[in-house]
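A.B. asks: got a sequence here, can you model it:
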Amino acid sequence: MLELFVSGSEKHSGKTFITAGLAATMQSLGYSSCVYKPVQTGAIEKSGFIQAPDLAFVKFIDPYIKTYFSYLLKSDAIPAVAAELEHTLIDKEIIYQDYASIKKEYECILTDGTIGLATPLGEGFLEQDMIKMLDIPVLLVVSPSENSVNNTISSVNQAFAAGIKIRGVIINDCPEVIQDLNIKSMPRLIEKYTDAKILGVMPHIEDLKKINPNDLISNVLTGIDIESVFNVKIAKLEL
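C.D. replies: Below is the predicted model:
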């Protein structure tokens, strides 16, 4: 059973994009895969149905990937606030039970987080608490255009201090030609000042709504160390 929790260090890091790409790639490699979003905020109404936008993007990349959520909230605020606005209590036990039930059906399950490890889901319940409860290794997705090196190092060290297993870091949304010194230095500084490894770099995509799913899978296979991300040897990649 391959399990991974994909988190970010700030909003707009591209973690859902990476989650969808990893799920589609693993599905293409023969692993039955699904994506679980414990708490989806910013739900939208479309054709009379309330839709989870992050999971809708996963379906756009690969309609055969099963998607699940425990809470669907309309407000785009952080989960704890969105739940309060809708008079909803986010129950950690429900998330635990949902996850345990879902993962029995698949070889690979990716859990898409909220904004970051310190995001409040409820009273005394942060995203990092949910990760520890589910006991899933974390892949941290950071974007050089949104996150400073300081924030990334802080997020990684916070995770280690909380006893969370960090599988590694993906730098997302990198320009084709890197001229900014901060972006050039980012991988080296993260590995120097944390115990995390850089497991991939993904290029900038101009319009995510127009991306070809096959191109995304190709980018994942060339830009990300899939075997290290999932801590597994994949026969098809050894050929």
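
A.B. asks: mind jotting down where the strands sit in this structure?
C.D. replies: 2-8, 33-40, 44-46, 49-51, 66-72, 108-112, 120-122, 125-126, 138-142, 166-174, 198-203 (DSSP state E).

A.B. asks: okay, now stretch 96-112: how far is its last residue from its first?
C.D. replies: 15 Å (C-alpha to C-alpha, to the nearest Å).

A.B. asks: got any ranges where this protein has weak pLDDT?
C.D. replies: 47-48, 145-147, 176-183, 239 (pLDDT under 70).

A.B. asks: is the residue most central in space within it in a bridge, and if so with what?
C.D. replies: The centre of the chain sits closest to Val6, judged by C-alpha atoms, centre = their mean, with a distance of 2.7 Å. Beta-bridge partners of Val6, counted by DSSP bridges, are Asp112, Leu139.

A.B. asks: pretty sure it contacts Lys15?
C.D. replies: Yes: the criterion here is C-beta atoms under 8 Å, and Val6 meets it with Lys15 at 4.9 Å. Heads up, the C-betas are built off the backbone N, CA and C, glycines and all.

A.B. asks: give me the common contacts of those two.
C.D. replies: Asp112, Gly113, Val141 (C-beta atoms under 8 Å, 6 or more residues apart in numbering).

A.B. asks: mind listing the helices for the chain?
C.D. replies: For the chain, applying DSSP state H gives helices covering 15-28, 53-61, 79-85, 92-103, 127-134, 149-161, 181-193, 213-223, 226-230, 235-238.

A.B. asks: next, the buried residues of the fourth one.
C.D. replies: By neighbour count with 16 or more other C-beta atoms under 10 Å, helix 92-103 contains the buried residues Lys92, Ile95, Asp98, Tyr99, Ile102, Lys103.
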